[in-house]
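After the sequence you'll find the predicted model.
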Amino acid sequence: MPRDTKVVRKNMRLRQDLIDRARRVLGTKTETETVEQALELVTFRKEVAEGIRRIAGSGSLRDIYAEEA
């Protein structure tokens, strides 16, 4: 976590089964770490999708499967 990041206390109602599954998948030790990593993954996924859309729209990618052999 960056040093300038503000940490706040939250009180949430979350499904324990989802926390447990995510914790196993992520290999995290605490529930807080699990939620933080899950949130980071969601934001990263959005950034990746936006980057792919920008690259695809630039015309710099070519569909190698559309070309005839």
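Received the coordinates, thanks.

which residues in the chain form helices?
16-26, 31-58 (DSSP state H).

Is it possible to get TSV of the ones you listed that adds distance to residue 64 and mean pLDDT?
Any C-beta I mention is one placed from the backbone N, CA and C, and that applies to glycine too. Output for those, formatted as TSV (distance: least, C-beta to C-beta, whole Å; pLDDT from 0 to 100):
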stretch	distance to residue 64	mean pLDDT
helix 16-26	32	97
helix 31-58	14	91
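
Let me know which of those helices is the nearest to residue 5.
With C-beta to C-beta as the measure, helix 31-58 is the member of the helices of the chain nearest residue 5 (10.2 Å).

What is that closest one packed up against?
Using 3 or more C-beta pairs under 8 Å, 6 or more residues apart in numbering; DSSP states H and E as the contact test, the elements touching helix 31-58 are helix 16-26.

buried set for the helix it packs on?
By neighbour count with 16 or more other C-beta atoms under 10 Å, helix 16-26 contains the buried residues 22-23.

Against which helices or strands is it packed?
For helix 16-26, the elements it packs on are helix 31-58, judged by 3+ C-beta pairs under 8 Å, 6+ apart.

Same question for the helix it packs on: list its buried residues.
34-35, 37-38.
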